[in-house]
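Visitor: need a structure here:
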Amino acid sequence: MSRLARIPTAAKPPSPPPPPVLDLLSAALARGADSEVLDRLIGFHERLQAQAARRAFDKALAAAKAKIPIIAKNRTAVLGRQPYRHEDLAEIARTITPILARNGLSYRFRSQSTGALVTVFCVISHRDGHSEENSLSASPDESGEKNSIQAIGSTLTYLQRMTLKAALGLAASDDDDGQAAGPSSAQITRQQARELLNLIEVVGADKDALLQFFQIKGVTDLPATRFRQALTMLNSRRTN
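Guide: Model prediction:
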């Protein structure tokens, strides 16, 4: 009894990919499409480009963060009587700039002054066009014998350092600034804590953002040496 040989079925060729949006746009122009159709095609093309740029940004940022080492704390400062160590902006830049560049990333800062507050924006950009930014605000650092310009400059440098670290997702626990007063330093009184909580409610401030800025778990953990700074930051919102 003979067996019939199976004849393999030819594989179905894959469907051709859809034509690029620019080809569709060219065809629409050739057909004399109206402005509404052209606007929709252009908008669709721009959305596709933005999505691709965002994906490239996320991929590059993840790759860069995987390569960024722990940044050495190369500076010692004193707040009150308590010394603490931190990394300065130059050390951060020296560490991260080559890694960011290899992944098509760069950063820049811009700043503005509103009332008693100085605000710094850190912008992280990718070569494909997508960028993201974050910001922090603080009052001028009037500690020591700084003049008004030096006080602003000190705050700008601090905010540049902190916004850059936040933008790259570097661990906040690596920075001693928020805990500079140390666990043994005096904290604000209960009355001062109530004053801050009432002020937060009155001006409509973001309590969690304030706690994050000072790197504390609760308002009662605020070092007494930073109570005036917290008041200044909150009171500045009354006039904004």
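Visitor: which residues of the chain fall in helices?
Guide: 21-30, 35-67, 89-102, 148-167, 190-203, 207-214, 227-235 (DSSP state H).
Visitor: Give me the distance from the fifth one to the chain's centre.
Guide: Just to be clear, that refers to helix 190-203. With CA atoms, centre = their mean, to the nearest Å as the basis, helix 190-203 stands 28 Å off its chain's centre.
Visitor: how about that helix: buried residues?
Guide: Residues of helix 190-203 classed as buried by neighbour count (16 or more other CB atoms under 10 Å): 192, 193, 195, 196, 199, 200. In short, each C-beta sits where N, CA and C put it, glycine included.
Visitor: for that helix, packing partners?
Guide: Applying 3 or more CB pairs under 8 Å, 6 or more residues apart in numbering; DSSP states H and E, we find helix 190-203 packed against helix 207-214, helix 227-235.
Visitor: Direction-wise, compare the longest one with helix 148-167 and give the angle.
Guide: The one in question is helix 227-235. Here helix 227-235 runs at an angle of 80 degrees relative to helix 148-167 (axes from the mean of the first three to the mean of the last three CA atoms, to 10 degrees).
Visitor: which residues touch helix 227-235?
Guide: Contacts of helix 227-235 with the rest of the structure, by CB atoms under 8 Å, 6 or more residues apart in numbering, involve 116-117, 137-139, 188, 192, 195-196, 199-200, 203, 205, 210, 213-214, 222.
Visitor: Can you read off the pLDDT for the residue nearest in space to the middle of the chain?
Guide: Nearest residue to the geometric centre of the chain (CA atoms, centre = their mean): residue 167, 2.9 Å. pLDDT, residue 167: 87.
Visitor: Many thanks, I have nothing further to ask.
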